[in-house]
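# What would the 3D arrangement of this be:
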Amino acid sequence: MAASVVLDNGDHITGEVIKLGDDILTFKSPLFGEVEVPWKRVTELTSDDGVTVQLKDGTKVRGRVALNAQGDLIIDQGDLGRSTPLKKADVVMLNPPVIDNSVKYSGRANLGGVFNRGNSEDDALNFDAKFVARTPQNRYTVATEVNEAESAGVTTTSNRYLMTQYDAFLSEKDYLFVNAKGEQDKLADLNLRTSLGAGYGYQFFETERAKLSTEYGLAYINEDYIVAPDESFPSLSLGLDYERKFWNKRLVFFNNNDLSVSLENTADALFKTKVGLRAPIVENVNVSTQVNVDYDNMPPPGVQKTDTSLIFSVGYGF
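Model (predicted):
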């Protein structure tokens, strides 16, 4: 028996249920091919026998699914009987992916630059990269960024950043982390800022279409300045990382935020944010634009609190 779907506008589609994930139902129709429909728009659904249902509590049941217009959902397992009526909201996935304990790798590297010769002599270079190794229980991340610029022989930008982090997942969403960060910014009088931290993170979702996580922790920061007196202090750290794909996964919006507040003086706060877009031009090659904002509420004398960069680059991702 072919599966069927009725949408909130009365459209009726027959075919095959491929999957439900991230509140998107993927349905294969003989006439239209694979169609992605928001789950909230589905008012009625009748599946074939080969559908695995994953509920909010993690339970997985295989059988024939029947969703009526009142929002009641029943799973028919054949000889094993029928489930008690469930609600549409109880279902989080249909045909969820099989858990694979092998290591999955992902990453990207972006390069941008400006080199002028003639009436003006200007050089600018931006490089950033991120590498992630992931299993269901562990995640390893390394990220780096380099920005250098020179105009008429005078350095106008010179900063570097490196971060390594290990996440140990206690459940599908909860994890503990430890990280180490290093940063240089010669024009901000910063010879080296190091940070060692640990804390708790929550992965709201992590799919091919979207990712969102928040982190809360404690860190110890040491600041080695070129001219100003050196400082070191414990801090409270807060982080948010968001990524979302649009237009059939061809446009990526990303936003990363990192806040550190000194536990000795709450007015001493550091904030970093990156927000931008990436779009592919050929397979695995993309162009990106992003805005970086670094804010130091108590910078050394003569250094501005806010440092903003607009970056255009070409990159490779996998």
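# Can you find the helix or strand in the protein with the smallest mean pLDDT?
Among the helical and strand segments of the chain, the one scoring lowest on mean pLDDT, DSSP states H and E is strand 104-116, with a mean of 87.
# Could I get the buried residue list for the helix or strand that that one is followed by?
Following strand 104-116 in sequence order, the next helix or strand is strand 122-134 (DSSP states H and E). By 16 or more other CB atoms under 10 Å, the buried positions in strand 122-134 come out as Asp123, Ala124, Asn126, Phe127, Asp128, Ala129, Lys130, Phe131, Val132, Arg134. Glycine gets a C-beta too; all of them are placed from N, C-alpha and C.
# ok so, going back, C-alpha coordinates for the least confident helix or strand of the chain, PDB please?
Written as PDB, here are the backbone C-alpha positions of strand 104-116 (Å, rounded to 0.1, in the frame of the first residue of the first chain):
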ATOM      1  CA  LYS A 104      33.000  11.400  11.200                       C
ATOM      2  CA  TYR A 105      35.200  14.300  10.000                       C
ATOM      3  CA  SER A 106      34.200  17.700   8.900                       C
ATOM      4  CA  GLY A 107      35.900  21.000   8.400                       C
ATOM      5  CA  ARG A 108      36.600  24.100   6.300                       C
ATOM      6  CA  ALA A 109      39.400  26.400   5.400                       C
ATOM      7  CA  ASN A 110      38.900  30.000   4.000                       C
ATOM      8  CA  LEU A 111      41.400  32.300   2.500                       C
ATOM      9  CA  GLY A 112      41.000  36.000   1.600                       C
ATOM     10  CA  GLY A 113      43.400  38.800   0.700                       C
ATOM     11  CA  VAL A 114      44.100  42.100  -1.000                       C
ATOM     12  CA  PHE A 115      47.400  43.000  -2.700                       C
ATOM     13  CA  ASN A 116      47.700  46.400  -4.400                       C
END
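# Where does the closest residue to Gly58 other than its chain neighbours sit: helix, strand or coil?
Once flanking residues are discounted, Gly58 sits nearest to Glu172: 7.9 Å by CB to CB, 6 or more residues apart in numbering. Three-state assignment for Glu172 (DSSP: H, G, I helix; E, B strand; the rest coil): coil.
# count of neighbours near Glu172?
12 (other CB atoms under 10 Å).
# Can you tell me how far Glu172 is from Asn9?
Glu172 sits 34 Å away from Asn9, going by CB to CB, to the nearest Å.
# same check, this time on Ala69
From Ala69 over to Asn9 (counting by CB to CB), the distance is 13 Å.
# And for Val282?
Going from Val282 to Asn9 by CB to CB gives 37 Å.
# cool, and Leu55?
Computed as CB to CB, the Leu55 to Asn9 distance reads 28 Å.
# More neighbours: these two, which one.
Per other CB under 10 Å, whichever of Leu55 and Asn9 has more neighbours is Leu55, with 16 against 7.
# Does the more buried one touch Val92 like I think?
Yes: using CB atoms under 8 Å, Leu55 is in contact with Val92, at 6.7 Å.
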